[in-house]
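> sequence and predicted structure below; questions after.
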Amino acid sequence: MSDQAGSPRGMTLPEAAEVLQLPVEGVRALTGAGYLIPSAEGPDGPRFALGDLKAFLARNAAESVGTDLFLEDPANVDPQALLDALDGRAEEMARRAFDNFAAVFPDAAGWTLTQQARFIDQAKSRFEAILAVTGQGQEVDEALVGELEDVGGAAAWGGSALPELLLILRISRDLVVQTAVEVAEERGRHWGLALSLLLTRVLPAMDRLTDALAKGYWAAIVRREEEEAARYENVVEHSSDGIYEADLDGTIQYANPSLAMTLGRPLGELEGALLPDVLLPVDPSQTIEPLLSELVEEPPQVEITVTRPDGIRRVLDIRPIERRSEGLVVGFAGVVRDVTAARELERQKNEFLALITHELRQPLTTILGLGVTLESYAAELPPVRLERMGTSIRQQSERIARLADDLFDVSRLEAKTLLLNPRPLELTAVIDAALGMVDSGETVQVDVPAGLQIHADGRRLEQVVANLVENGLLHGGPPVRVSAREVDGGVELSVHDHGDGVPAALIPTLFSRLHAVNRDDIGGRRARGTGLGLALVRGLVEAMGGRVWYQVPPEGGACFRLVLAAPRSHGR
């Protein structure tokens, strides 16, 4: 041995291991268990006095019942007896583990007896597994390592905290070492070598088990984050809403396909562009400043109208989101929803309600005025005047009733609950009944061949003809001509007025339920209509298996044509 070994500064850990003929880990374990007391602490670890080491050898030799274990080859010393003794104290260690755990996590002290029993039972199984692995030495069962990786993974997916799991393993590790020391002390100092060999197995085994648990935990965390990232990316890429991410300067770093479609721009053109350049409001009073500002309160709702490169206007609802990293704002993101259709529908709905109110107010005002007149002057009015007033009240009441019927029938058509009773009908009789529903006077001409039959629901076809004739009288000009002819497999009926026709811009939405027609009639009065009649016409004709369309006749005016089936003859 070198001179340095006997120097006053003491022997290093490897030198002490050489004297004791033990592995370095064994000497370290004996030191931690209190069997060896270092004389000093050097920069490279504990230092031991040579006299203390010799005393330790002598003491263990004296207590070895005639056998100096430290003179034997350490490979011939079997610590299995100590392992067996520890195995018998697994439940005791489990209960102590719960006490230690409750000291660190006070909430555990409030667990029910069932919860405590479950923890102790799991801890006992864990101690038995640790001892089983320790008994194998360095050859730790790979299946057990794999199982611990699965346990760590399951804990990650279940939301358990890794520090809590590692703490439980650390408590288990320390209790095994502590109990092994206690057993060795109870059975005599000659168990020291067995204890040191056991500890050189326990510590690496526990480290490997801890590594396996942590490996499984973090592998699951990474896998979960990858799945969440993939799921998030898939949702963002296929979202019907536009989504963007921009830096602090407003430069777009990412945009999804829906945003490109909404703005009418190529996706590659958006990335790298400035947000104010692609979200430029048409109205100067609108601003996108909140999209690039740090949020003070809740995220604002920014609604702007933009014009796409193809000239189409879009109303956009934008919800800004801050992008933060370590508490600092590093950029901005936003969810862009195209609300053009919703805003247009809301506008049309409001206009429709206003028009319905207008349509009701006129007849109601007339009825109210005539009613007040009758109430005040009925006794003074001549019979002819009373008759005319009664006729006006009836006509206005019928107008209100037709409007109510139209509203009800349109709603039933949209809900597909309207019942029809199609059958062979004499077309002239249907047209006469329809004209009786309209205050047409002598301004309607009928050109329908006698005996011409049609297959339809009589009441619904009357509604169709009445609505088309009333539309011609209200928005067109007299005379209104109703004609019909046989066509291939059916009957074509047309209603032609002699007004100015329908403006080209209105033709695509002519049969829309929320369409309103505004144009001057022949007397210079402003005529307004809900458009509900034409929507009902289309719905009823299509429900009866036919079709209806608008046509601009060569001689001017407006012409609506519809085709319905003709009755089948018995010979067919």
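Received it, and whenever you're ready, just let me know what you need.

> only alpha carbons, please: show stretch 488-500 as PDB.
These are the backbone C-alpha positions of stretch 488-500, laid out as PDB (Å, rounded to 0.1, in the frame of the first residue of the first chain):
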ATOM      1  CA  ASP A 488     -95.300  16.700 -74.200                       C
ATOM      2  CA  GLY A 489     -96.700  14.700 -71.300                       C
ATOM      3  CA  GLY A 490     -98.200  17.700 -69.500                       C
ATOM      4  CA  VAL A 491     -99.900  21.000 -69.400                       C
ATOM      5  CA  GLU A 492     -98.100  24.400 -69.500                       C
ATOM      6  CA  LEU A 493     -99.800  27.300 -67.900                       C
ATOM      7  CA  SER A 494     -98.500  30.900 -68.200                       C
ATOM      8  CA  VAL A 495     -99.300  34.200 -66.600                       C
ATOM      9  CA  HIS A 496     -98.200  37.200 -68.600                       C
ATOM     10  CA  ASP A 497     -98.400  40.800 -67.500                       C
ATOM     11  CA  HIS A 498     -97.700  44.000 -69.500                       C
ATOM     12  CA  GLY A 499     -95.600  45.900 -67.000                       C
ATOM     13  CA  ASP A 500     -91.900  46.800 -67.100                       C
END
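
> for it, which positions count as buried?
Neighbour counts using 16 or more other Cβ atoms under 10 Å place 490-500 of stretch 488-500 among the buried residues. Glycine gets a C-beta too; all of them are placed from N, C-alpha and C.

> cool, and stretch 328-347?
By neighbour count on 16+ other Cβ under 10 Å, the buried set for stretch 328-347 is 331-338, 340.

> same question, stretch 214-233
Of the residues in stretch 214-233, those scored as buried under the neighbour-count criterion (16+ other Cβ under 10 Å) are 214, 216-217, 220-221.

> how far out from the middle of the chain is that stretch?
Mean C-alpha position of stretch 214-233 versus that of the full chain (Cα atoms, centre = their mean, to the nearest Å) differs by 20 Å.

> for the chain, which strand is longest?
With residue count as the measure and DSSP state E as the assignment, the chain has strand 313-325 as its longest strand.

> hmm, back to that, mind putting the buried residues of stretch 214-233 into a markdown table with secondary structure?
As requested, the buried residues of stretch 214-233 are exported to a markdown table (DSSP: H, G, I helix; E, B strand; the rest coil):
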| residue | secondary structure |
| --- | --- |
| Ala214 | helix |
| Gly216 | helix |
| Tyr217 | helix |
| Ala220 | helix |
| Ile221 | helix |
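
> closest one of those to Gln453?
Distances from Gln453 to the buried residues of stretch 214-233, taken as Cβ to Cβ, are shortest for Ala220 (77.3 Å).

> and Ile507, helix, strand or coil?
Put simply, Ile507 is helix when judged by three-state DSSP.

> among the buried residues of stretch 328-347, name the ones in helices.
When DSSP state H is applied, these are split such that Thr340 fall in helices.

> among the buried residues of stretch 328-347, name the ones in strands.
When the buried residues of stretch 328-347 are checked against strands (DSSP E), the matches are 331-338.

> show me which of the buried residues of stretch 488-500 is closest to Asp405.
Distance to Asp405 across these (Cβ to Cβ) is lowest for Val495, with 19.5 Å.

> and the pLDDT for the closest one?
Turning to Val495, the model gives it a pLDDT of 94.

> surely it touches Asn467?
No: using Cβ atoms under 8 Å, Val495 is not in contact with Asn467; the gap is 9.3 Å.

> can you tell me the closest non-neighbouring residue to Gly10?
Arg47 (3.2 Å; Cβ to Cβ, 6 or more residues apart in numbering).

> now that neighbour: phi and psi?
Backbone dihedrals for Arg47, given as degrees, to the nearest 10, come out at phi -120, psi 140.

> that one contacts Thr12, doesn't it?
Yes: applying Cβ under 8 Å, one finds Arg47 in contact with Thr12, separated by 6.5 Å.

> burial measure for Ala273, as a count.
By other Cβ atoms under 10 Å, the residues close to Ala273 number 18.

> what does Leu259 give?
Under the criterion other Cβ under 10 Å, the count of neighbours that Leu259 has is 25.

> residue contacts, it?
Contacts for Leu259 (Cβ atoms under 8 Å, 6 or more residues apart in numbering) come out as 242-244, 270, 336.

> can you pull the pLDDT of the residue nearest the centre of the chain?
The structure's the chain has its C-alpha centroid closest to Val235; by Cα atoms, centre = their mean the separation is 8.3 Å. Confidence at Val235, expressed as pLDDT, is 81.

> start at 23, not 1
Sure, I'll start numbering at 23, so the last one becomes Val257.

> shouldn't it be within a helix?
Yes: checked against three-state DSSP, Val257 lies within a helix.

> what about the closest residue to Glu113 other than its chain neighbours, neighbour count?
Counting by Cβ to Cβ, 6+ apart, Lys146 is the residue found nearest to Glu113 once chain neighbours are left out, at 5.2 Å. In terms of burial, Lys146 registers 17 neighbours under the definition other Cβ under 10 Å.

> so what's Lys146 scoring on pLDDT?
Lys146 is assigned a pLDDT of 83 by the prediction.

> helix/strand/coil for it?
Taking three-state DSSP as the rule, one finds Lys146 in the helix state.

> Ala112 is in contact with that one, correct?
Yes: using Cβ under 8 Å, Lys146 is in contact with Ala112, at 5.1 Å.

> for Gln418, give me its contacts.
Listed by Cβ under 8 Å, 6+ apart, the contact set of Gln418 reads 384-386, 388-389.

> try it again with 6 Å
385, 388-389 (Cβ atoms under 6 Å, 6 or more residues apart in numbering).

> ditto for Glu250
Counting by Cβ under 6 Å, 6+ apart, Glu250 makes contact with nothing.

> got it, and the one 10 residues further on?
Residues touching His260, when contacts are defined by Cβ under 6 Å, 6+ apart, are absent altogether.

> tell me the predicted confidence for it.
Model confidence at His260 (pLDDT) stands at 85.

> where does it fall, phi/psi-wise?
Main-chain torsions, His260, degrees, to the nearest 10: phi -100, psi 10.

> next up, the contacts around the nearest residue to Leu457 once chain neighbours are set aside.
With Cβ to Cβ, 6+ apart as the criterion, Leu457 has its nearest non-adjacent residue at 6.0 Å, and that residue is Val466. The neighbourhood of Val466, defined by Cβ under 6 Å, 6+ apart, consists of 457, 491, 502.
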